[in-house]
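K.L.:
sequence first, predicted coordinates after that:
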Amino acid sequence: MHPPSLARNSVSSKMLSVLLGLLSCSQLAAAAKPPVDVVCCPTSRTYLKEPQPSTALMSYPGSGNTWVRHIIETLTGYHTTSVYCDKTLAPVFKAECDHSDRYNHSIAVKTHKLKYCSRWNRAIVVIRNPLHSIRGEYQRLNTHSHTGYVDQEDWDWQDWYDVSTRMCESWTRMFQEVFGSDTTPGCATQSNYKVFFYEDLKTAAGSLNPYFLDELLAWFGIQKPDSFYDCALKFNKGQYARVLPADHPAARLLNDTETLRRMNVAGCMSTFESYLQRFPRLQQPLDTI
């Protein structure tokens, strides 16, 4: 049977879903007349065929770890897993609860347990402005959701001040476990730890920074032709972004004097600034600078 001839924009979504069930993505693209721009992406993930050194994906909670997992899986086609078993993430990350011997067969393992960093052979570390990451984690703790936020009428400024101050102190302690402090060495070395700043992962226009994909592939040792680069560029939103209403109290935290005062006293902001100076920043595309 010859594949049907498809005119651009003439196929209903229902018909397209039927055709996708009969034809491969590449066959569908080849059958279209005139040609259509189709990005063919894998519909499932696989484990690494050969074990690799155990690789952590480290961050403080609220720093975009889940989104970076999505990017890594989409880019490489390989499973990531986790030291946790978050049932709300398991429908998307199929290896989320796989705590067998698969750590070495997954391309990365999510963890916020930075004090155990010596257990890993290497790690990707995502560092985000602590005010943003703490705001995200505060919402998650109060809603038990990766995308939810506290109802505006239930927002408690005093609770936010108290909890965020403690979180700021823990933010610094957690990263000092990895990178060391003035008095204690950390477990990271330049060769086996790759640092990304969350703020660099998108362009000024809000799109995914392609240099992030390039550096991930180089660090994992995967050739670009063997990756799903175009898939990662096209399908990089993920399903777990938290979008705050513009009038939500949490949207005003960046300009809240008391929040900024407490964060500065607690020390996480100065630690973050020191890391910005210490580690290389990701290049930005020229057309977005």
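P.N.:
Cool, got the structure. Numbers count the residues shown, from 1 in each chain.
K.L.:
in stretch 51-71, which residues are buried?
P.N.:
52, 55-71 (16 or more other Cβ atoms under 10 Å). C-beta here means a position set from N, CA and C on the backbone, and glycine is covered the same way.
K.L.:
from the residues you listed, which ones fall inside strands?
P.N.:
Counted as lying in strands by DSSP state E, out of the buried residues of stretch 51-71, are 55-59.
K.L.:
make JSON lines from those and add distance to Leu286 to it.
P.N.:
Converted to JSON lines, these look like this (distance: Cβ to Cβ, whole Å):
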{"residue": "Thr55", "distance to Leu286": "31"}
{"residue": "Ala56", "distance to Leu286": "33"}
{"residue": "Leu57", "distance to Leu286": "29"}
{"residue": "Met58", "distance to Leu286": "30"}
{"residue": "Ser59", "distance to Leu286": "28"}
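K.L.:
which secondary element of the chain has the worst mean pLDDT?
P.N.:
In the chain, no helix or strand scores lower on mean pLDDT, DSSP states H and E than helix 13-22, which sits at a mean of 45.
K.L.:
got any ranges where the stretch 101-250 of the chain has weak pLDDT?
P.N.:
Applying pLDDT under 70 to the stretch 101-250 of the chain picks out residues 101-102, 190.
K.L.:
contacting residues for Ser44?
P.N.:
Applying Cβ atoms under 8 Å, 6 or more residues apart in numbering, we find Ser44 in contact with Lys94.
K.L.:
tell me the phi and psi of Thr80?
P.N.:
Phi and psi for Thr80, reported as degrees, to the nearest 10, are phi -110, psi 160.
K.L.:
also Phe196?
P.N.:
Dihedral pair for Phe196: phi -120, psi 140, per degrees, to the nearest 10.
K.L.:
contacting residues for the closest residue to His105 other than its chain neighbours?
P.N.:
Nearest in space to His105, with sequence neighbours left out and distances taken as Cβ to Cβ, 6 or more residues apart in numbering, is Tyr47 at 4.2 Å. Contacts for Tyr47 (Cβ under 8 Å, 6+ apart) come out as 78-79, 95, 102, 105-106.
K.L.:
Pro225: which of those residues is nearest?
P.N.:
Proximity of these to Pro225 was ranked by Cβ to Cβ; the top entry is Tyr78 with 15.9 Å.
K.L.:
thought that closest one was touching Thr46?
P.N.:
Yes: shown here, Tyr78 and Thr46 form a contact pair, counting by Cβ atoms under 8 Å, at 6.2 Å.
K.L.:
related to what we said a few turns ago, farthest-separated two in the contacts of Tyr47?
P.N.:
For the contacts of Tyr47, and using Cβ to Cβ, no pair is farther apart than Tyr78 and Arg102, which are 11.0 Å apart.
K.L.:
all helices for the protein, in order.
P.N.:
Applying DSSP state H to the chain gives helices spanning 13-22, 25-31, 65-76, 130-143, 157-179, 210-220, 229-234, 257-266, 268-278.
K.L.:
what is the fifth one packed up against?
P.N.:
For helix 157-179, the elements it packs on are strand 122-127, helix 130-143, helix 257-266, helix 268-278, judged by 3 or more Cβ pairs under 8 Å, 6 or more residues apart in numbering; DSSP states H and E.
K.L.:
chain neighbours aside, what residue packs nearest to Lys224?
P.N.:
Leu217 (5.9 Å).
K.L.:
how much space between the one you found and Ala108?
P.N.:
Using Cβ to Cβ, to the nearest Å, Leu217 is found at 13 Å from Ala108.
K.L.:
how about the residue lying closest to Gln176 once chain neighbours are set aside, phi and psi?
P.N.:
Distance criterion Cβ to Cβ, 6+ apart; nearest residue to Gln176, sequence neighbours excluded, is Gly186 at 6.6 Å. When read as degrees, to the nearest 10, the backbone of Gly186 gives phi -100, psi 180.
K.L.:
what about Gly186, how many neighbours?
P.N.:
Gly186 has 16 neighbours, counted by other Cβ atoms under 10 Å.
K.L.:
if I read this right, it contacts Glu177, doesn't it?
P.N.:
Yes: taking Cβ under 8 Å as the definition, Gly186 is a contact partner of Glu177 at 6.4 Å.
K.L.:
much appreciated, bye for now.
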